[in-house]
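A.B. asks: When you get a sec, could you give me coordinates for this:
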Amino acid sequence: MNEIDRVEAVIVGYVRSSLMERASAPRQGRDAALEAVIEVQPEFAEALDGIGRWDQLLVTCWLHLAPRNTLKVHPRGDTTQPLSGVFGTRSPVRPNPIAVYTVDLLKVDGGRLHVRGIDAVDGTPVLDIKPHIGRLDD
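C.D. replies: Prediction:
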């Protein structure tokens, strides 16, 4: 792999969650209705201006605890299912363990976003936050 095949990302914040390990995370965060806080790094706090007018957000995270060398998995961990390529699943195990969550914004408290619908473990890096706009994102 040469340098043109790589990208660099900046961590804009971290998820603060009651989930402390990968094994305790539910299969889908929206289904579990878990609440968490996204702590935005102080240098990006100004970027939150106006975010409170949205009911839902798209939050992109780097699943830092997920293995990156697996290319096939049993969907939903069900070994009775045939192996599938990770790009055909929603598995967190993938070459670039990026997750995109649609979360409900509950409250903005300074540089902290209180959200519902994210199954990321405590300390998960946040790469981006943007408004979810139904007609564009559904």
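A.B. asks: Pull the longest strand along the chain out as PDB, backbone CA atoms only.
C.D. replies: Of all the elements of type strand in the chain, the one with the most residues (DSSP state E) is strand 98-109. Provided in PDB are the C-alpha atoms of strand 98-109 (Å, rounded to 0.1, in the frame of the first residue of the first chain):
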ATOM      1  CA  ILE A  98     -16.300   3.000  10.400                       C
ATOM      2  CA  ALA A  99     -19.900   3.100  11.800                       C
ATOM      3  CA  VAL A 100     -22.600   5.600  10.800                       C
ATOM      4  CA  TYR A 101     -25.300   6.000  13.400                       C
ATOM      5  CA  THR A 102     -28.600   7.900  13.000                       C
ATOM      6  CA  VAL A 103     -29.200   9.100  16.600                       C
ATOM      7  CA  ASP A 104     -31.900  11.100  18.300                       C
ATOM      8  CA  LEU A 105     -30.500  14.400  19.700                       C
ATOM      9  CA  LEU A 106     -31.900  14.700  23.200                       C
ATOM     10  CA  LYS A 107     -30.000  17.700  24.500                       C
ATOM     11  CA  VAL A 108     -27.100  20.000  23.800                       C
ATOM     12  CA  ASP A 109     -25.000  20.800  26.900                       C
END
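A.B. asks: Mind listing the strands it pairs with, and their directions?
C.D. replies: strand 56-62 (antiparallel), strand 112-116 (antiparallel) (DSSP bridges).
A.B. asks: Mean pLDDT for those - can I get that in CSV?
C.D. replies: Listed next are the strands paired with strand 98-109 as CSV, based on pLDDT from 0 to 100:
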stretch, mean pLDDT
strand 56-62, 96
strand 112-116, 97
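A.B. asks: For these, could you give me a markdown table that also reports mean neighbour count and distance to Leu127?
C.D. replies: For glycine as for every other residue, the C-beta is placed from the backbone atoms N, C-alpha and C. Shown next, in a markdown table, are the strands paired with strand 98-109 (neighbours: other CB atoms under 10 Å; distance: least, CB to CB, whole Å):
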| stretch | mean neighbour count | distance to Leu127 |
| --- | --- | --- |
| strand 56-62 | 20 | 5 |
| strand 112-116 | 19 | 14 |
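A.B. asks: Which one, of those strands, ends up nearest to Arg90?
C.D. replies: Each of the strands paired with strand 98-109 has some distance to Arg90 by CB to CB; the shortest is strand 56-62, at 13.6 Å.
A.B. asks: Sounds good, over and out.
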